[in-house]
Each structure stands twice: as C-alpha cells, then as structure tokens.
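**Q** Mind looking at a prediction? Sequence and model below.
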Amino acid sequence: MRSVLLALSAVLLASCSHAGGISPLLPANQDVEGRAAAASAYQLLYSFDGKPDDGANPSGALVLRDGTFYGTTQAGGENNLGTVFLVSASGKEKLLYSFGSSATDGNTPQSGLTYVGGAFYGATSMGGANCAPAGCGTVYKITPSGSETVIYSFKGGSDGSHPIAGLLDVGGTLYGTTSQGGNGHACCGTLFAVSTSGNERVFYRFKGTEHDGEEPLGGLVAIAGEFYGTTEYGGTHHFGTIFAASSSGSERVLYDFRGLPSDGAQPVDTLAVDNGRLYGTTSFGGSSKKCPPVGCGTVFEATTAGDEKVLYDLGGGSGGYTPDASVAVLGGALYGTTFSGGYLGCSGGVGCGVIFKVSSRGGSVLYDFRGGKHSGAYPYYGSVIAANGTLYGTTFGGGASDWGSFFKLEP
C-alpha cells in the first residue's frame, strides 16, 4: 500500500521520485494551446493552515451538498491525524472534525465523503479498534454539523484493511474497497459492503495472481447492477487490471494493463462513467519516452466488455506526468490533474503538477501549478470535480502555508 503521509512527504522532499523511479528532472515539453488562457481563469480560493486549527494535505474527492463542498485532509487538525472540513464556492472554510479524538477513532483519511440520508460517510486508512498499534482503518459517519461516529473497524486478515478510496451508495448500502487484507494482512485487497448501521461483509477477496488483480486503491462505480473498478497491481503483466464484480461475490478481470510502450500501467483512483463507458488514468505507462523507465502515465477509455484504448499520453516535463487522480467529465471532455510536471521552475525542476483536458481534438495542458501562496502544488487522489460548469479541486501542497489549497478553474 502507498502510505501517502509517510512516503509522499519523502517523495516531495527527495526530488519527487514517485513510485517506480522517475528521473527527477525531465526534458521540457512544448507549450500547449490554451495554457495561458486557462491560467487567467484559475483562482486559489483557500489555503489550509495545518495543526491545530485547520486541516493539512487534502487529497480525496470533494462532494457538493446544498451549495457547499465537503472534504477531508490526511493531516492537520487538533491531533495532526486528519480532518473533515467544509468550504463554500467562494472559499470560506470551516473545520468540522479532527480525527484521533479517541484510541479507537479512525485517522489519516485518504478518500472523500459520500452523502446518505442526512449524513456523510467515509473511510480512514488507519486507526480503529483493531490491528494495534496503527489500526487497519475504519468506516465512519459524520453529520453536517461535525458529530462523528465510527461504525466499523476493519480487522485485517480475512477481513479487509486500509481502505484508500471513497464509498459508493447503492440503495442505502455502502460499497467499497480495501487496499489490503482478504488473503492475509498484506494481500491483496477486498470488496466489501457495509450498512449505515455498521454491518459489514466482504464479498470478494483479490488473489493477486496473473489471473486476478491486487491492491484496489480506487473505489467502485455501478453500471446495470454490476460494480467496476481497478487494481494497481496484478493481472497478466502485473501492471494492474480493470475488473467487474457482483455483490454476490463473482468477479472477472475485464482488462490487463500492458504498460510500455503502448499502454498504461498502475491505475490508482476511481473510474469515471459517461454514457456507459469507463474513463480513468494510469500513473505510469504510455508511449512517451520522456519518463524512463516507467512511462509518464495515460488517460484511457474502456467498455464494460473490456475493450480499452489510450486516449492521451502524458507528455512528461512541462506536459505533466503521473496522473494519480480520477478524471471529471464536463461538456463532452475529460479534465484531470497530474501529480508532477508542468512549470519546471517549481519543486526544483520536477514541477508541481498540471490540470489537463482531453477531448476529441486530443489532449492539452490548461494550467501549471506553481506552489507558493497564489497557487497549489501536487494535486492528488480525486483532485477535480465539475460543478455548475466549473472545475473545483484541492492540492496536497502549496498555498500560503504550504499545507494545500482549494481552487477553481473556469475551463
């Protein structure tokens, strides 16, 4: 599992050699049409302040409810173990809850929230009543006013452990993934269902072989009664898979990623669905030769029958690389972010990430994150959503205090 709080901080400080060993200084890519225009439409709305009065390092997808955005941070808050916050579209933010309020509370949430029946539900990757001392993670409930309750603590072993992704509501039942557990504490991840009262069941345990996926970091989406998702590893080439599963426990691999030189590798976030088709990103792979030896990452399209094609190869350098977040669908185009690349004057030549667009005309970079008080840095899991024709999102770093930011972009 990618331990984001520990490993990522080392990544940022040690030249951003993201998992797989990308060279810390990549050749600059050509300027891309639309970049300057989009930069003028970008606005940093809020900078997180960190412990003890505010969150730090947001990464999960935001959720919009009654005109207000709700989200989580991995760190910050009273105990520096993460928070739940709300923020208006104009950038007025409020801390709702600080994790780690008790020995059995969850901590380090890496996913966003899901609204069901008047409350929000989410998962923490660590904490809970089991797997001392760090905990195997939790599912929790929190009201819009900030009252939080752990409804389930993962047990590890044959149960799941360390959920990274958000939850999917289907008829009042929550469905999700754990990155580990199932077939032992370290292998290989699970699919689970949990009621809003906390009754949990694992309905699939990944095997981590050439015939199955391993380590689902993204969440689930539902189409016509089936669940679809990705695994970071596993499959024939061990570069990850796209899978389909039923709540009764049947699962099949739809697609095995092949990696370089023509396919993506290692998808890590939740798929997007549009007109019955699946869209996502891979952190590595693709045809670009500018990110040796693992590739710059891709945006892909897949059908529910398992036909896959690469829509966009990230260019590396100023074109951005390592797209670790989901894509947002807006106006017939896909929008997403990369963790690295872009303006190479940021982060010692590595770049602080970009916002990109993929349409029928191809891909283009819209905005370069530059760090500092006027721009965020390092957008991560679930970093952009579309709301009322505008893109909103968060960055893991940057902002006035370098603890992350909340931004909008008029595409």
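**A** Sure thing, it's come through.
**Q** What are the buried residues along stretch 128-144?
**A** Buried residues in stretch 128-144, counted by 16 or more other C-beta atoms under 10 Å: 128-131, 135-142. C-beta coordinates here come from the backbone N, C-alpha and C atoms, glycine included.
**Q** go on, stretch 375-392?
**A** Buried residues in stretch 375-392, defined by neighbour count with 16+ other C-beta under 10 Å: 375-387, 391-392.
**Q** And stretch 259-274, by the same measure?
**A** Buried residues in stretch 259-274 (16+ other C-beta under 10 Å): 259-260, 263-272.
**Q** Stretch 161-174 now?
**A** 161-168, 174.
**Q** now swap in stretch 236-253 and tell me
**A** Buried residues in stretch 236-253, counted by 16+ other C-beta under 10 Å: 237-245, 247, 251, 253.
**Q** what does stretch 194-208 rub up against?
**A** 116-117, 119, 121, 139, 141, 151-152, 158-160, 167, 172-174, 176, 182-183, 187-193, 212-216, 231, 233-234, 245, 247-249, 251 (C-beta atoms under 8 Å, 6 or more residues apart in numbering).
**Q** so where's the stretch 1-150 of the chain shaky on pLDDT?
**A** Along the stretch 1-150 of the chain, the model assigns pLDDT under 70 to residues 1-40.
**Q** show me where it has strands.
**A** Listed in chain order, the strands of the stretch 1-150 of the chain (DSSP state E, counting those that start in this stretch) span 42-47, 55-58, 63-65, 68-76, 83-88, 93-98, 106-107, 114-116, 119-124, 126-127, 138-142, 148-153.
**Q** Show residues contacting the second one.
**A** For strand 55-58, the surrounding residues in contact (C-beta under 8 Å, 6+ apart) are 5, 48-50, 71-77, 80, 82-83, 85, 95, 394-397, 403-404, 406.
**Q** that older thread, from the buried residues of stretch 161-174, which single one is nearest G341?
**A** Nearest to G341, judged by C-beta to C-beta, of the buried residues of stretch 161-174 is I164 at 23.1 Å.
**Q** how much space between the closest one and Y378?
**A** Distance from I164 to Y378, counting by C-beta to C-beta, to the nearest Å: 17 Å.
**Q** quick one: I223 and V273 touch, right?
**A** Yes - in this structure I223 lies within contact range of V273 using C-beta atoms under 8 Å: 6.3 Å.
**Q** one step back: mind putting the buried residues of stretch 236-253 in JSON lines, secondary structure included?
**A** Below are the buried residues of stretch 236-253 laid out as JSON lines (DSSP: H, G, I helix; E, B strand; the rest coil):
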{"residue": "H237", "secondary structure": "coil"}
{"residue": "H238", "secondary structure": "coil"}
{"residue": "F239", "secondary structure": "coil"}
{"residue": "G240", "secondary structure": "coil"}
{"residue": "T241", "secondary structure": "strand"}
{"residue": "I242", "secondary structure": "strand"}
{"residue": "F243", "secondary structure": "strand"}
{"residue": "A244", "secondary structure": "strand"}
{"residue": "A245", "secondary structure": "strand"}
{"residue": "S247", "secondary structure": "coil"}
{"residue": "E251", "secondary structure": "strand"}
{"residue": "V253", "secondary structure": "strand"}
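**Q** From those, pick the one nearest K290.
**A** Looking at those and their distance to K290, the nearest is F239, at 19.0 Å (C-beta to C-beta).
**Q** List the buried residues for the helix or strand containing A193?
**A** According to DSSP states H and E, A193 maps onto strand 188-195. For strand 188-195, burial by neighbour count (16+ other C-beta under 10 Å) applies to 188-194.
**Q** and the direction of it versus that of strand 148-153, what angle?
**A** With axes from the mean of the first three to the mean of the last three C-alpha atoms, to 10 degrees defining the directions, strand 188-195 sits at 120 degrees from strand 148-153.
**Q** Listing partners with orientation, what would you give for the helix or strand just after strand 188-195?
**A** Once strand 188-195 ends, the next helix or strand along the chain (criterion: DSSP H and E) is strand 200-205. For strand 200-205, the paired strands and their directions (DSSP bridges) read strand 188-195 (antiparallel).
**Q** how far off strand 241-245 does the strand it pairs with point, in degrees?
**A** Interaxial angle, strand 188-195 versus strand 241-245 (the same axes, to 10 degrees): 40 degrees.
**Q** could you give the angle of strand 188-195 to strand 119-124?
**A** Computed with the same axes, to 10 degrees, the direction of strand 188-195 lies at 160 degrees from that of strand 119-124.
**Q** tell me the angle strand 188-195 makes with strand 138-142.
**A** Counting by the same axes, to 10 degrees, strand 188-195 lies at 30 degrees to strand 138-142.
**Q** Let me see the mean pLDDT of strand 188-195.
**A** What strand 188-195 shows for mean pLDDT is 98.
**Q** can you map out the helices along the chain?
**A** Per DSSP state H, the chain carries helices over the ranges 9-13, 35-40.
**Q** just to revisit the earlier point, among the buried residues of stretch 236-253, which pair sits farthest apart?
**A** The distance between the two most remote of the buried residues of stretch 236-253 (C-beta to C-beta) is 28.5 Å, for H237 and S247.
**Q** about what we covered before: and of the buried residues of stretch 128-144, the nearest to Q110?
**A** Distance to Q110 across the buried residues of stretch 128-144 (C-beta to C-beta) is lowest for G137, with 9.6 Å.
**Q** Next up, the contacts around that closest one.
**A** By C-beta under 8 Å, 6+ apart, the contact list for G137 reads 106, 123-128, 153-154, 160-163, 178.
**Q** Give me the phi and psi for the residue nearest to T72 when sequence neighbours are not counted.
**A** With C-beta to C-beta, 6 or more residues apart in numbering as the criterion, T72 has its nearest non-adjacent residue at 4.2 Å, and that residue is P109. Per-residue torsions, P109: phi -70, psi 130 (degrees, to the nearest 10).
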